[in-house]
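Enquirer: The following block contains a protein sequence and its predicted model.
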Amino acid sequence: MIVSMIQIIFEIPEVDTIKEKRRIIRSVKDKLQRRFHLSAAEVDLQDSLGFAQIGGALVSNSRSFGESVLQKAFEMIENEVPVRIQDMSIHSEEF
């Protein structure tokens with residue numbers, strides 16, 4: 001069993017309230033879950049108004065498959081969500 005994980009830190013420009021930030025985060029998590037069947041959550045920076053950190057995971061039987069799905073998920077965020085990516089990492093572990 002291979003667990004592939006992604007962690008993304010991004011800046012959310014022009015957000016004035018936590019409610020706006022939560023709406024954007026919820027939208028990103030919903031897209032990741034619907035399109036790529038990932039488990040996703042906001043894992044850090046909950047107290048920051050302008051930044052967010054999202055983590056996602058996918059279980060499969062292939063490291064290359066898992067990491068390619070996560071790369072496509074990252075590209076979707078990069079192209080469709082109005083945020084500035086600060087950091088991204090993809091990692092897989094075998095269990």
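Expert: Sure, I can see it.
Enquirer: could you pull out the strands for the protein?
Expert: Taking DSSP state E as the test, the strands found in the chain are 2-11, 39-44, 51-60, 84-94.
Enquirer: Direction included, what does the second one pair against?
Expert: Spelled out, it's strand 39-44. If you go by DSSP bridges, strand 39-44 pairs up with strand 51-60 (antiparallel).
Enquirer: Could you do the longest one as well?
Expert: Using DSSP bridges, strand 84-94 pairs in its sheet with strand 2-11 (antiparallel).
Enquirer: starting at the chain centroid, how far to the strand it pairs with?
Expert: Computed by C-alpha atoms, centre = their mean, to the nearest Å, the chain-centroid distance of strand 2-11 equals 6 Å.
Enquirer: Now do the buried residues in it.
Expert: By neighbour count with 16 or more other C-beta atoms under 10 Å, strand 2-11 contains the buried residues 2, 4, 5, 6, 7, 8, 9, 10. Using the backbone N, CA and C atoms, a C-beta is placed for each residue, glycine as well.
Enquirer: what sits up against it?
Expert: When contacts are defined by C-beta atoms under 8 Å, 6 or more residues apart in numbering, strand 2-11 is touched by residues 38, 43, 45, 50-63, 66-67, 69-70, 73-74, 77, 83-95.
Enquirer: Drop anything exposed from those.
Expert: Among those, the ones that count as buried by 16+ other C-beta under 10 Å are 38, 45, 51-58, 60, 66-67, 69-70, 73-74, 77, 83, 90, 92.
Enquirer: where does residue 43 land on pLDDT?
Expert: Residue 43 carries a pLDDT value of 90.
Enquirer: nearest spatial neighbour of it, skipping sequence neighbours?
Expert: For residue 43, ignoring the flanking residues on the chain, the nearest one in space by C-beta to C-beta, 6 or more residues apart in numbering is residue 55 at 4.1 Å.
Enquirer: mind listing what the one you found touches?
Expert: Residues counted as contacts of residue 55 (C-beta under 8 Å, 6+ apart) are 5, 6, 7, 8, 40, 41, 43.
Enquirer: Who is the nearest residue to residue 41 once chain neighbours are set aside paired with across the strands?
Expert: What sits nearest to residue 41 in space, not counting adjacent residues and going by C-beta to C-beta, 6+ apart, is residue 55, at 5.9 Å. Beta-bridge pairing of residue 55 under DSSP bridges involves residue 7, residue 41.
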